[in-house]
Structure formats: C-alpha cells, structure tokens
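> This is a predicted model, with the sequence first.
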Amino acid sequence: MLIRVADWERIRAGKITLQYRRWKRPTVRAGGTLRTSQGVLAIDAVDIVSRVTRAEANAAGYPTVKALMSSLDGREGALHRISLHFAGEDPRAELRSSSDVDGLELGGMAVAMLRLIAANPGVRAQDLASSVGREKASFKASVRRLKAKGLTESLRVGYRLSPRGEAYLRSLGD
C-alpha cells in the first residue's frame, strides 16, 4: 500500500487516520502492520464501503470527498477504507546502522546477493536479476529478506549495502 509522501508527517502526528483504496483483494489486514522506509503503520481496520463522508475524506488527508474520489479514478475494485496509525520507527533502520554481525549466518545465495549489490549500488532490480539469471520478483523477495536482517537499503533506484551489510562482508574477508 503506497502512501503519499506529503501525508507521512500528518500520519505520524495522528492527523491522518484513514486511507482509501480500490482493490479487488485487500493487500493489508486488520491487526497487521506495514513496514515502510518512513516507519511502521498499524492497520486497525479494513472495511469495504459504498460511500465516504466529508469527515472521512478529511481524516484521509483530502479537503473534499470529490478530491479523494478523483485520486481513485481509473482504479478497479471495491472501495476499501483502511483505519491506521503510526506505530513507530522502522526497526530495520537501527539494525542497518549497526556493525554488529555476531551470530549472523547467511547461506551462499544470500552472500552472493550481498556481493552483487555491493558491486552494483543503485542498479535497477530488473538489471541485477537478469545479470544472475533470476526473475525480478524472486530477486526482489530475496533482497527483502536481506533488508529484514538490516543488510541492505533501498535507494530511489536499486539498492546498496547498509553499514551492517558491509560489516558482514568484511567479517567474511571480503
């Protein structure tokens, strides 16, 4: 679920508590969380709705219902209202800045991925995946697992190693 960059500060401050999406199938669930580079969102409720009030549009960061609905134009699926709140900073951020790799063990494929990213910072995922004969979706899933361990960081385009990722490769003698 993508959140408009302009909305993040207001979500953090509790001024935006709703989001609306048109989905054939929801991509978030009530009671779940969504980790993003801006922090962690707690998903309080996900409901299919047929109409939106002005107060709800305001709670989603829009001045009018019309402005909200026009942001959803061209999208298919049922209208979903997502109640959410800011749950805290991304725990991976602190982990990425750490150089503590004691006890961290990765398999050969993960180490190869780290080396590939280290040698190609800022390269598109599609290009990296193609260079090693992998599908983009599978490649990105592998990068997300490295990111969850605090070893990589997403850039506007591509990836780079975090300080922790660099420390891990150094521990291997790279």
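Perfect, I can see it now.

> Need the pLDDT of the residue most central in space within the chain.
Closest to where the C-alpha atoms of the chain average out (Cα atoms, centre = their mean) is Thr36, at 3.7 Å. On the pLDDT scale, Thr36 is placed at 83.

> quick one: low-confidence parts of this structure?
Nowhere does the chain drop to pLDDT under 70.

> Residues in contact with the helix or strand where Ala112 lies: which ones?
If you go by DSSP states H and E, Ala112 is part of helix 108-119. Helix 108-119 is contacted by residues 106, 128, 131-132, 142-143, 145-146, 151-152, 159-161, 165-166, 168-169, 172, 174 when judged by Cβ atoms under 8 Å, 6 or more residues apart in numbering. (C-beta placed from N, C-alpha, C; glycine too.)

> make it 7 Å
Contacts of helix 108-119 with the rest of the structure, by Cβ atoms under 7 Å, 6 or more residues apart in numbering, involve 128, 132, 142-143, 146, 151-152, 159-161, 165, 168-169, 172, 174.

> Same question for stretch 131-145.
Met113, Leu116, Ala125, Gln126, Leu128, Ala129, Thr152, Tyr159.
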